Structure formats: structure tokens, C-alpha cells
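J.: Need the 3D shape of this:
(one chain, ligands or ions: 2)
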Amino acid sequence: MCRRDDRFLKEGTHSFFLPQHCISCGRYIALSFGFPLCDDCYEELPFLREPVCTRCGRPLRSGFSLSCPRCRQFPFRFDCARAVTLYAGVMRECLHAFKYSGILSLAPLFVSLLEQYLEEHPFLREVDYLLPVPLHPRRLRERGFNQALLLARPLSLRWRIPLLHREVIRWKETLPQVHLSAKERRKNVLRAFRVVSRFPWQGKSILIIDDILTTRATVDALSAALKDAGCRKVMVLTVASGK
Ligand SMILES: [Zn+2]
Ligand SMILES: [Zn+2]
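T.: Ligands and ions are numbered 1, 2, ... in the order given. The predicted structure is shown next:
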């Protein structure tokens, strides 16, 4: 998907991160692409290939149907969701290191993957606004950064799509989703987001940006808040997706 030469050109300006060790295999990286992942481990990234569900982006076993059983039964409130890779293997290690160990020098890796995807799928960037999934203020204080905002800001600058980061708030503190069942996750995030009512939402199209799509319960709750406020179209793009 992302060729070696493209990465080198794009990430050349980040070479001030040298020297560094690969986050996955620990090997010393002599020629960095601007993020701490070696070439061999980069090749191991589990890119998501077609066929995927046209609605939620989950991998499909065969290309005979356009959507997955879940989307045929209970459609999500967003119009479509896509992820660049699976949340597995090297990508799982990278996202974990980024989010929970604060290895922020991995951000250029995720941003370049998202950029490449948006380059290849222009319909996703034909929107009025980009919206990084908001964190609850307490979670933001603990972590010190909103990972979704770090990913969305460079995309906003590159394609000149305005970023919304004060117009939606996460006012209900939700439990970490990791150990919850699908049903518990939906309940956990129900009405977790609130939109600023004076913002002109009517007819707007929005691309939500986040790091991981798991059950899609979080982005579904966020999409519901946006659609209820009058948004016409809500799409989602993340770095990785659960199976
Ligand atoms: Zn490596
Ligand atoms: Zn689906």
C-alpha cells in the first residue's frame, strides 16, 4: 500500500528522530523513515484488504455480499467506516506503545498510513469537517494527549479540512472498552457525547478520526449525536480495526 520510496520522501523531514530502535523487534534502525519501526516490521503490518463490509469496514469472508450480517440486521448510525490495518501483530504493538506508553514518535507512522488511505479513497475526504473522537476531560488529564487529535491535525492541515475539537464533548465518563462484551460496550457509550447546540450542524458532512475501531460502539454513539443534531453524512476512518 505505502511504497518504501514514498515513505522516504514523505518522512524525510522527520529524520531528526535518529537514532532509534524498532518498537517491535528492538533492532537499531540506521536509516529511519521518521518513526521507530524498521523496514522488516513495516512489511509485517496487517493491511486490510478487500472485501470489507461497505458499511462498517469489517473484513468479509467472501465477496458475495456487500455488507456483514451485523450491518444487515442493525445498521450503524454512521454511513461508512474504514480502517487501514487490522488491530493485530505489529500494529497492535505500535498502537499500544503509542497510546499507553506515550511513544508519540509513532504518530508520523499512523499519519502517513491515514494519508495514503485518504489519497487512495478521495470520497472519505470530501467532507466539511474532520472530527477526532473526543476524550473525557479526566482521561485527557491522565493521558496528557488525545491520540485522535494528534492523528487528525496533520490531515486537516494537508487537505485544508477544518478540524472540530471543541464542538463535541464527551461528558459521560466511560469505562475502558477492552474487557467489555459488545452489548456492554454499547451500553457503556450510550449518550456519551454531546454536541454544542449553537454550532450549525444542519446538512454537514463529517469524517471522524480515531486510532482503533473495535466494536464500533464508540463511533456509533458519536455518529448518533451528530446525526441527531442534523448532520447529513458521517464517515469514520481509523488506523486499525478489530476483526
Ligand atoms: Zn523491527
Ligand atoms: Zn458491517
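
J.: tell me, how many neighbours does the nearest residue to Cys53 once chain neighbours are set aside end up with?
T.: Distance criterion Cβ to Cβ, 6 or more residues apart in numbering; nearest residue to Cys53, sequence neighbours excluded, is Cys68 at 3.9 Å. (Glycine included, C-beta is placed from N, CA and C.) Neighbourhood size, Cys68 [other Cβ atoms under 10 Å]: 19.

J.: Give the full set of residues in contact with Cys68.
T.: When contacts are counted by Cβ atoms under 8 Å, 6 or more residues apart in numbering, Cys68 touches 53, 55-56, 58, 60.

J.: Then Ser205?
T.: 126-129, 231-235.

J.: quick check, nearest of those to ligand 2?
T.: Nearest to ligand 2 among the contacts of Ser205 is Met235, at 13.7 Å by Cβ to the ion.

J.: ok, now how distant is that closest one from Asp79?
T.: Between Met235 and Asp79 the computed distance is 6 Å (Cβ to Cβ, to the nearest Å).

J.: With neighbour numbers in mind, choose between these two.
T.: Higher neighbour count among Met235 and Asp79: Met235, with 21 against 18, using other Cβ under 10 Å.

J.: From the contacts of Cys68, pick the one nearest ligand 1.
T.: For the contacts of Cys68, the nearest to ligand 1 is Arg58 (28.1 Å; Cβ to the ion).

J.: now the closest one: how far from ligand 2?
T.: 5 Å (Cβ to the ion, to the nearest Å).

J.: residues contacting that residue?
T.: 52, 68, 70, 241, 243.

J.: so where is this structure shaky, pLDDT-wise?
T.: Applying pLDDT under 70 to the chain flags the ranges 1-19, 175-178.

J.: So which bits of it are right by ligand 2?
T.: By Cβ under 5 Å from the ion, the residues of the chain that approach ligand 2 are 53, 55-56, 58, 68, 71.

J.: Tabulate the residues you listed in a markdown table, adding columns for distance to Ala152 and secondary structure.
T.: Shown next, in a markdown table, are the residues of the chain next to ligand 2 (distance: Cβ to Cβ, whole Å; DSSP: H, G, I helix; E, B strand; the rest coil):
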| residue | distance to Ala152 | secondary structure |
| --- | --- | --- |
| Cys53 | 24 | coil |
| Arg55 | 22 | coil |
| Cys56 | 20 | coil |
| Arg58 | 22 | coil |
| Cys68 | 26 | coil |
| Cys71 | 25 | helix |
